[in-house]
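Visitor: how would this look folded up:
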Amino acid sequence: MKKLVLSLAATCCILAPSLAQAVTYRQLEAVNSNGSSAYSGITGSITLTGVVLNDPTEMSTSSDYWQLFIQSLDPTDHGGVVLWDGYMNYLGDGSYGVDASLTSLTLNYGDVVTVTAYATDDRCGKCNLTDNHGASTIFTVTKTTDHYDTVSSETITLADLKNTDDTFQFDSSRNSGCEYYQSTLVSLKGLTLADASLWGKDQTVTVKQKINGVDYTFDLLLGSNDSLNLSADTLSLMETKGFDLTAILDQEDTSSPYTGGYRLWLTSTENGALTVVPEPGALALCLAGGLATMLVWRRRRSAA
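Guide: Coordinates of the predicted model:
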């Protein structure tokens, strides 16, 4: 594990931070029985540290907002949170939008950051960290480590997120179901695409998985990284043969009760986020090539 080293050059600061109080992910993302935020802790600025799950420039082609997911590094404090800035933020000059100091900050998957912000935005079933939409409030993002050694993801199935009737599993205690995994990185194996023709940047597609004879479906939102421009042959394989996926579990529910709207969000296929099952013929050809290489190596070694 890399040593955490403070990098002042990689600090985004909308206003010099005052004393902020630490909060846990579990505190921050607590919900009521209707799915709305139950966070009732610190009313001022708070601080917490996490590992970056996405490059903010790859969330969408839209420039209306800046969004970053971070995940807890503490296994005893399971969870993740969204940092958000956008069209509701007053810039102090009569205009609204994303603060330039955020967009100028280079952040990548696996970086570790410490955040100071306000937890005042009960947004679509989750509590976001923001600048409280004001030019005179605190919102800092400080990178403390470049490319953390590992970003942990939990291997699950769609049966961990959906009931057998394909409705969302909602647990207000956040000990299971969609709420437990919300804003964290999850890995799923053996998925298929419902309709490969819908695949494209900024689009939503449906993924499927059969578990113990039960068919489950889930929405997958695609980001804007060019690696998502897949060939027709690859998409055909994903539809017919299957693929493995590592993505962010997000929620965007715009009406009460906030117990739905869960989705997977794939911003890039890099870092092993997408593995497509190869054609059997291609796999056999690959194995044959490996065997031929091994035989040549053995012959050369024997001749020597």
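
Visitor: and the closest residue to residue 211 other than its chain neighbours, how many neighbours does it have?
Guide: Leaving aside its sequence neighbours, residue 211 sits nearest to residue 159 (C-beta to C-beta, 6 or more residues apart in numbering; 4.3 Å). Every residue, glycine included, has its C-beta placed from N, CA and C. Neighbour count for residue 159, taken as other C-beta atoms under 10 Å: 15.

Visitor: just the pLDDT at residue 159, thanks.
Guide: Residue 159 is assigned 98 on the pLDDT scale.

Visitor: so where's the protein shaky on pLDDT?
Guide: Low-confidence segments of the chain, defined by pLDDT under 70: 1-19, 41-43, 87-92, 94, 120-123, 132-137, 279-304.

Visitor: wait, residue 114 sits on residue 46?
Guide: No. The pair residue 114 and residue 46 does not pass the contact test of C-beta atoms under 8 Å, sitting 11.3 Å apart.

Visitor: now the residue nearest to residue 211, what's its secondary structure?
Guide: helix (DSSP: H, G, I helix; E, B strand; the rest coil).

Visitor: for residue 177, see how far away it is.
Guide: Applying C-beta to C-beta, to the nearest Å, the value for residue 159 to residue 177 is 11 Å.

Visitor: what do you get for residue 259?
Guide: For residue 259 relative to residue 177 (C-beta to C-beta), the value is 10 Å.

Visitor: also residue 35?
Guide: 11 Å.

Visitor: mutual contacts of the two, please.
Guide: residue 170 (C-beta atoms under 8 Å, 6 or more residues apart in numbering).

Visitor: what about those two, which has more around it?
Guide: residue 35 (23 against 20).

Visitor: now that one: how far from residue 62?
Guide: Distance of residue 35 to residue 62, computed by C-beta to C-beta: 25 Å.

Visitor: so the spatially most central residue of the chain is in which element?
Guide: Nearest to the mean C-alpha position of the chain, by C-alpha atoms, centre = their mean, lies residue 248 at 2.8 Å. Under the criterion of DSSP states H and E, residue 248 resides in strand 243-251.
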